[in-house]
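*Asks:* need coordinates for the following:
(one chain, ligands or ions: 1)
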Amino acid sequence: MEGERLMSLHEAMLYEKTEDKKVKCCLCARRCLISDGGTGFCLVRKNEGGKLFSLVYGKAVSAGVDPISKKPLSHFNPGALVMSIATVGCNFRCQFCDNWMISQGKEVAGHNFPPDEVVKSARDNGCVGISYTYTEPTIFFEYAYDTARLARQVGFFNTFVTNGYMTPEAVKTIAPYLDAATVDFKGGGDPDFYKSFSSVPTVEPIFEALKEMKRNDIHIEITNLVVPKTGDSIERVRQLAAWIRDAIGKDTPFHLLRFHPDYQLTTITATPVDTLEKTYVVAKDAGLNYVYIGNVPGHPCENTYCPNCNELVIKRYSFEITKWNLTKDMRCPVCGHEIPIKGKLHASGYSYPYALF
Ligand code: SF4
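*Replies:* Predicted coordinates:
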């Protein structure tokens, strides 16, 4: 039993040894100092005898095939299918997490799903990329890193869906293999919201990680979960949109997501659609060219409009592209304005999401 348990350990990347067999993890901005025998805040990284180990390497707790639009990524290889994987654990404690059963799990659980099998399964299921998602990929970094390297060797792309609370070192390390990242804000990036509802002491590292991603030429899309009453400040959205415009660029897709009651925040109702529409207007007025409303299937703000002439260029329903109205070189067919889409259209790739386990 002991042998089995130890065999599942995988030495961590990005940590420092300090005095008294302590280690400092440098993957996420918590930078946990962990004593011998202890685990970090995420509970899936353990100090054994002065060395730091990942407890979840190759242990996917969830795997499935998703349309890339589910991440959401709207301007990156549209129509593509991706293999999504996650392990247990998280470096946040969001009271509204819709994946709380796996992100907040206290026990390491999952199926043995080593990197080469992930890539093989992706190919067998018609995927062209791997997405590290559902829980925070930073905390299963080594697993993601090795899978991403293998995936790249066979021509697949890699995407993170992340809360962005990564160290610059972690971003730089994964950058050679990371093609795209969806960075999720909550409550407009309000530091008080993060402290109260996610147990996160400061939001500044998220902005630093985003700047590092941009320096490394990773395609970035940003979401913001609009939580009624506690995290729906119009002013916060205005500030966040202005920061994105100035630091990342006005063509960065910005998704305003509807909140649904879940986990410990079941007394707060779903975000009213008119609240989302107000934040949409504010983000557009701040100068962002591609703003979307998410989790409201059929809403016209799921679509992409040409920022120059307002022509509808990509029509969507939920995760599905229902009309493609761009030229072969990704321009508006009416005015010729170039719409920034990275990769190509995968026209036959649409599928409803399905789980492998
Ligand atoms: S990844 Fe885990 S152990 Fe490392 S700093 Fe973050 S919470 Fe701590």
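
*Asks:* wait, what's in contact with the residue in the chain that the ligand sits nearest to?
*Replies:* Using Cβ to the nearest ligand atom, the point where the chain gets nearest to the ligand is residue 40, with a distance of 2.1 Å. C-beta: built from backbone N, CA, C; applies to glycine. Counting by Cβ atoms under 8 Å, 6 or more residues apart in numbering, residue 40 makes contact with 25, 30, 32, 34, 46.

*Asks:* repeat for residue 205
*Replies:* In this structure, residue 205 makes contact with 29, 164, 165, 166, 167, judged by Cβ under 8 Å, 6+ apart.

*Asks:* element containing it?
*Replies:* Of the helices and strands defined by DSSP states H and E, residue 205 is found in helix 204-215.

*Asks:* is the ligand contacted by that helix?
*Replies:* No: no part of helix 204-215 sits near the ligand under the criterion Cβ under 6 Å from any ligand atom; the closest distance found is 10.6 Å.

*Asks:* how about the residue nearest to residue 71 when sequence neighbours are not counted, secondary structure?
*Replies:* Closest residue to residue 71 apart from its sequence neighbours, by Cβ to Cβ, 6 or more residues apart in numbering: residue 182 at 4.7 Å. Applying DSSP: H, G, I helix; E, B strand; the rest coil to residue 182 yields a three-state assignment of strand.

*Asks:* so residue 334 versus residue 308, what's the distance?
*Replies:* The span separating residue 334 from residue 308 equals 9 Å under the rule Cβ to Cβ, to the nearest Å.

*Asks:* ok, now residue 126?
*Replies:* Note on residue 126: its distance to residue 308, by Cβ to Cβ, is 35 Å.

*Asks:* same deal with residue 123?
*Replies:* For residue 123, the distance to residue 308 (Cβ to Cβ) stands at 39 Å.

*Asks:* ok, residue 166 next?
*Replies:* With Cβ to Cβ as the criterion, residue 166 and residue 308 are 35 Å apart.

*Asks:* likewise for residue 316?
*Replies:* Taken as Cβ to Cβ, the spacing of residue 316 relative to residue 308 amounts to 20 Å.

*Asks:* neighbour count: those two, which is higher?
*Replies:* Neighbours were counted for residue 316 and for residue 308 using other Cβ atoms under 10 Å; residue 316 has more, 22 against 14.

*Asks:* assign a three-state SS to the more buried one, would you?
*Replies:* Taking three-state DSSP, the label given to residue 316 is strand.

*Asks:* can you tell me which residues contact it?
*Replies:* Residue 316 makes contact with 69, 74, 302, 303, 304, 322, according to Cβ under 8 Å, 6+ apart.

*Asks:* cool, residue 242 as well?
*Replies:* Neighbouring residues of residue 242 by Cβ under 8 Å, 6+ apart: 286, 287.

*Asks:* residue 288 reaches residue 255, doesn't it?
*Replies:* No: counting by Cβ atoms under 8 Å, no contact exists between residue 288 and residue 255, whose distance comes to 10.8 Å.

*Asks:* tell me where the stretch 51-200 of the chain is predicted with low confidence.
*Replies:* Filtered on pLDDT under 70, the stretch 51-200 of the chain yields no residues whatsoever.

*Asks:* what are the boundaries of the strands in it?
*Replies:* 51-54, 59-60, 62-67, 81-86, 111-112, 129-132, 157-162, 180-186 (DSSP state E, counting those that start in this stretch).

*Asks:* again with the stretch 201-350 of the chain
*Replies:* 219-226, 254-258, 291-294, 304-305, 312-317, 320-324.

*Asks:* packing partners of the fourth one?
*Replies:* Yep, that's strand 304-305 we're talking about. Using 3 or more Cβ pairs under 8 Å, 6 or more residues apart in numbering; DSSP states H and E, the elements in contact with strand 304-305 are strand 312-317.

*Asks:* tell me the strands beside the strand it packs on, with direction?
*Replies:* strand 304-305 (antiparallel), strand 320-324 (antiparallel) (DSSP bridges).

*Asks:* tell me which of those strands is the most buried.
*Replies:* Mean neighbours per residue, mean count of other Cβ atoms under 10 Å, is largest over the strands paired with strand 312-317 for strand 304-305, with a mean of 22.

*Asks:* off-centre distance for that one?
*Replies:* Strand 304-305 has its average C-alpha position 22 Å from the chain's average C-alpha position, going by Cα atoms, centre = their mean, to the nearest Å.

*Asks:* ok, and what's touching that strand?
*Replies:* Counting by Cβ under 8 Å, 6+ apart, the neighbours of strand 304-305 from elsewhere in the structure are 74, 75, 290, 311, 312, 313, 314, 316, 339.

*Asks:* number of nearby residues for the last one?
*Replies:* Yep, that's residue 339 we're talking about. When counting by other Cβ under 10 Å, one arrives at 22 neighbours for residue 339.

*Asks:* do the same with the third one
*Replies:* A total of 20 residues lie near residue 290 under the criterion other Cβ under 10 Å.

*Asks:* let me know the pLDDT of it.
*Replies:* We note a pLDDT of 98 for residue 290 in this prediction.

*Asks:* many thanks, we can stop here.
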